[in-house]
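Student: everything below, folded, please.
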Amino acid sequence: MAPGTPRFDAGRSCLDLLATAHPEERIGTAAELAVWVVGAGLVPQGTPLGHVDGRWVAGFLELRWCIGRLVRASRAPADSLDRINRTARAAAPPAVRAVAQRDGPLLRELAEVPTAAALLSLLARDAIDLLTDPLARAAVRECAGEGCPLLYLDTSRGRRRRWCSSEACGNRERVARHRRRVALARS
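Tutor: So this is what the prediction gives:
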């Protein structure tokens with residue numbers, strides 16, 4: 001991911017949240033979290049997020065940790081499962097509405113300023129949907145790139161996607177493979 005890029009599109013919002021820890025922390029401050037929330041599509045562009053603070057950051061980091069444990073585990077850790085379930089029912093996800101523009105298409109906006117609990121609930125519900133859907137769960141892959149822990153939903157034809165990004169990890173793998181072949185041919 002290029003510097004300043006707020007997100008990696010993993011195919012699910014809850015997996016996008018996991019990607020915020022790699023290659024460095026991307027939601028460690030309130031400003032970074034606000035940028036990610038908009039970039040991830042949790043709220044429409046232009047939604048006021050000036051009220052995001054350190055408590056929000058702590059809540060998102062804790063939820064990310066729990067989701068990561070659940071997605072990677074063969075057996076669900078009870079404490080993380082309990083946290084996800086409590087978060088999902090703690091608040092209703094943000095309500096959206098359509099707003100007419102003068103001489104233009106309808107715009108999507110939130111009916112009220114979002115709360116941390118509402119956005120965390122949205123992510124927790126997405127994680128529950130992913131974890132309880134056998135087909136979606138079976139499509140979760142970890143990048144085959146060396147040292148890359150990113151998870152993504154493999155929706156490729158034939159389910160043969162290997163890397164989080166063909167341009168980043170895939171290209172590094174192809175270059176390394178080429179160098180190995182050249183070195184082998186020289187010896």
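Student: quick one: Ala73 from Gly11, how far?
Tutor: Per CB to CB, to the nearest Å, Ala73 is found 20 Å from Gly11. No exception for glycine: its C-beta is placed from N, CA and C like everyone else's.
Student: more neighbours, these two?
Tutor: When Ala73 and Gly11 are compared for neighbours, Gly11 comes out ahead with 17 against 12, by other CB atoms under 10 Å.
Student: which segments of the chain make up each domain?
Tutor: 1-134, 139-187 (automatic domain parsing).
Student: what segments of the chain are helices?
Tutor: Assigned by DSSP state H, the chain shows helices spanning 13-18, 30-39, 54-72, 78-90, 116-132, 134-138, 171-186.
Student: helices or strands up against the fourth one?
Tutor: Packed against helix 78-90, as judged by 3 or more CB pairs under 8 Å, 6 or more residues apart in numbering; DSSP states H and E, are the following elements: helix 54-72, helix 116-132.
Student: residues near Glu62, how many?
Tutor: Neighbourhood size, Glu62 [other CB under 10 Å]: 14.
Student: next one: Ala34
Tutor: Ala34, neighbours per other CB under 10 Å, totals 22.
Student: wait, it touches Leu49, no?
Tutor: Yes. Shown here, Ala34 and Leu49 form a contact pair, counting by CB atoms under 8 Å, at 4.1 Å.
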